[in-house]
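1. below is the sequence, then the predicted model.
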Amino acid sequence: MQFIHSREEEVSDGRDCMHEEIEVNEKRATAPSSLPNDVVEEIFIRLPVETLIRFKSLSKQWNLRIKSHSFAEKHLKIAESYQLNHPSLMLLPSLITSTEIEFHPFCLEGRRPLSHTQLSFPLGLLGWIHYSRSCDGLFCIQSSKSSYVVNPATRWFRYVPLSRFQILNPTNLPPKLITAAAFVKAVDYKLVWLYNSFPFPPNKGVTTCEVFDFRTNAWRYLTCTPSYRIHGVPESANGSVYWFTELNNNYKIDVIAFDIHTEKFRLLPKIHPVTSSSVPYHSSMCTLDDRLCILTTTSLLDKEFWRLKSSEDMWEKILTIDYLSTPLSWIGDESWLPVTMWKKKKMLLSHPCSGNLVILNLQTRSVRIIDIHSHKFCRPYFESLISNI
């Protein structure tokens, strides 16, 4: 797991020696450990997924422990807590073959490159393609004719039946009409796909919403959907999924929220810099510390970050970046999008056109450019053992 690889100074020499000894004496291992079970588990939940997969072959007892759902959940919590201050990414290619995708994990503060994973999908990936945000180390990969949920760390993936949207829509759909499902978890995992009904209306109404339940392995329609056309891809945070609406007659936009537990839609309170902007598509949504944030670009090209309060009744401005005073203005135009923020002083931004990644130090206003080669898309990510959902 990245959070072990990226903090070498915290990995004790004793554990490295133990790891080497286990590999040398693998064939002679007759018992998993003389340590108490709870101590073994505390050690294991802090190990990388790759190491744990190797350990499964050393004893039946370790295999059963590592494969258990309760162990995977404990391992997940440790990974999540470490990710807050030591973020890592999954780099994803902009160009793919018809059946294969290369997953490239990347530590922002790491000293070692992480091993990449290449997976082959039997039904292929055709037409448009979308990578969801990571949910517990899992991704949903959608194309016009297939969808998969995949855990790159364990190499597990699952085919998702076609939604009505995929069945009706051609592969050459204009980019502005392409929507994407949000991959979220309430009690169980779900895919929430909200899209504008026109020009392929399976139901009457402005928008249509399909929800995929992994337990029933089927899509279902929601009857009550927003009466506003939506724009762009969704963002998820704090138990909800969010979309921008399209411009209305007053040249304003709103934010629609969907509660993943109650499956109800609601309209969020207006935020002045967004709704009054004459160029509202200079705004973008992101998730920082599991809170919905909106990044707006002012007429002076300043970047303003607005965060939705936990009560969802008000927005608060948390940050303003004087764009022209930072080296960001030297690298490209103002179309920078936030990816993640950590330690309250560093922010990772991506440029959708050039594919550049930049770490902006909010205190010193300095930047560091990250070369990601041909990997145009990036998502916040940490490894997990969650599979077989």
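-> Alright, I've got the coordinates.
2. off-centre distance for the helix or strand harbouring residue 257?
-> Following DSSP states H and E, one finds residue 257 within strand 255-259. Remark: strand 255-259 is offset 18 Å from the chain centroid, using CA atoms, centre = their mean, to the nearest Å.
3. low-confidence ranges in the chain?
-> Within the chain, the ranges that satisfy pLDDT under 70 run 1-33, 95-97, 110-114, 174-177, 198-204, 248-251, 272-282, 330-334, 352-355, 372-376.
4. mind checking how far the top helix by length along it is from the chain centre?
-> The longest helix of the chain (DSSP state H) is helix 69-83. The chain centre lies 16 Å from the centre of helix 69-83; the measure is CA atoms, centre = their mean.
5. contacts for it, please.
-> In this structure, residues lying in contact with helix 69-83 by CB atoms under 8 Å, 6 or more residues apart in numbering are 1, 3, 41, 44-46, 52, 65, 136-137, 380, 382-387. In this view, the C-beta of every residue, glycine as well, is placed from N, C-alpha and C.
6. hey, what's the closest residue to residue 84 other than its chain neighbours bridged with?
-> In space, and not counting its chain neighbours, residue 84 is closest to residue 342: 6.7 Å by CB to CB, 6 or more residues apart in numbering. Beta-bridge partners recorded for residue 342 (DSSP bridges): residue 346.
7. next: residue 264.
-> residue 259.
8. residue 213 now?
-> Beta-bridge partners, per DSSP bridges, of residue 213: residue 190, residue 218.
9. in the longest helix of the chain, which residues are buried?
-> 71-72, 74-76, 78-79, 82-83 (16 or more other CB atoms under 10 Å).
10. tell me the spacing between residue 371 and residue 350.
-> Using CB to CB, to the nearest Å, one gets 13 Å for the distance from residue 371 to residue 350.
11. so which of the two has more stuff around it?
-> residue 350 (21 against 8; other CB atoms under 10 Å).
12. contacting residues for the more buried one?
-> 336-337, 339, 356-358, 378.
13. just the buried ones among these, please.
-> Of the contacts of residue 350, these count as buried by 16+ other CB under 10 Å: 336, 339, 356-358, 378.
14. out of these, which are inside strands?
-> 339, 357-358, 378 (DSSP state E).
15. of these, which pair is most distant in space?
-> 358 and 378 (11.6 Å; CB to CB).
16. which non-adjacent residue is nearest residue 138?
-> residue 151 (5.3 Å).
17. where do the helices sit along the protein?
-> 2-5, 13-24, 37-44, 49-55, 60-67, 69-83, 164-168, 272-275, 328-331.
18. residue contacts, residue 318?
-> With CB under 8 Å, 6+ apart, residue 318 has these contacts: 293, 305-307.
19. same check on residue 294?
-> 255, 271, 274, 283-286, 305-306, 308, 315.
20. cutoff 7 Å now
-> 271, 274, 283, 285, 306 (CB atoms under 7 Å, 6 or more residues apart in numbering).
21. residue 144: which of those residues is nearest?
-> For those, the nearest to residue 144 is residue 285 (24.1 Å; CB to CB).
22. give me the neighbour count for the closest one.
-> Other residues close to residue 285 by other CB under 10 Å number 22.
23. what pairs with it across the strands?
-> Going by DSSP bridges, residue 285 forms beta bridges with residue 294.
24. and it, what is it in contact with?
-> 235, 242, 244, 292, 294 are the contacts of residue 285 under CB under 7 Å, 6+ apart.
25. ok, back up a step: and the longest helix of the chain, C-alpha only, in PDB?
-> Taking C-alpha atoms only, helix 69-83 is exported to PDB below (Å, rounded to 0.1, in the frame of the first residue of the first chain):
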ATOM      1  CA  HIS A  69     -14.300  -9.000   5.200                       C
ATOM      2  CA  SER A  70     -13.600  -7.700   8.700                       C
ATOM      3  CA  PHE A  71      -9.900  -7.600   8.100                       C
ATOM      4  CA  ALA A  72     -10.400  -5.800   4.700                       C
ATOM      5  CA  GLU A  73     -12.500  -3.200   6.500                       C
ATOM      6  CA  LYS A  74      -9.800  -2.600   9.200                       C
ATOM      7  CA  HIS A  75      -7.100  -2.400   6.600                       C
ATOM      8  CA  LEU A  76      -9.300   0.100   4.700                       C
ATOM      9  CA  LYS A  77      -9.600   2.400   7.700                       C
ATOM     10  CA  ILE A  78      -5.900   2.600   8.200                       C
ATOM     11  CA  ALA A  79      -5.400   3.400   4.500                       C
ATOM     12  CA  GLU A  80      -8.000   6.100   4.600                       C
ATOM     13  CA  SER A  81      -6.500   7.800   7.600                       C
ATOM     14  CA  TYR A  82      -3.000   7.800   6.100                       C
ATOM     15  CA  GLN A  83      -4.300   9.200   2.800                       C
END
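26. also compute the angle for it relative to helix 37-44, please.
-> 40 degrees (axes from the mean of the first three to the mean of the last three CA atoms, to 10 degrees).
27. what's the closest of the ones in strands among the buried ones among the contacts of residue 350 to residue 58?
-> For those, the nearest to residue 58 is residue 378 (34.9 Å; CB to CB).
28. quick check: closest non-adjacent residue to that closest one.
-> That would be residue 89: by CB to CB, 6+ apart, it lies 4.8 Å from residue 378.
29. skip the chain neighbours and tell me the closest residue to the most centrally placed residue in the chain.
-> Centroid-nearest residue in the chain: residue 133, 2.2 Å away (criterion: CA atoms, centre = their mean). Spatially, and ignoring its direct neighbours in sequence, residue 133 is nearest to residue 379 (5.6 Å; CB to CB, 6+ apart).
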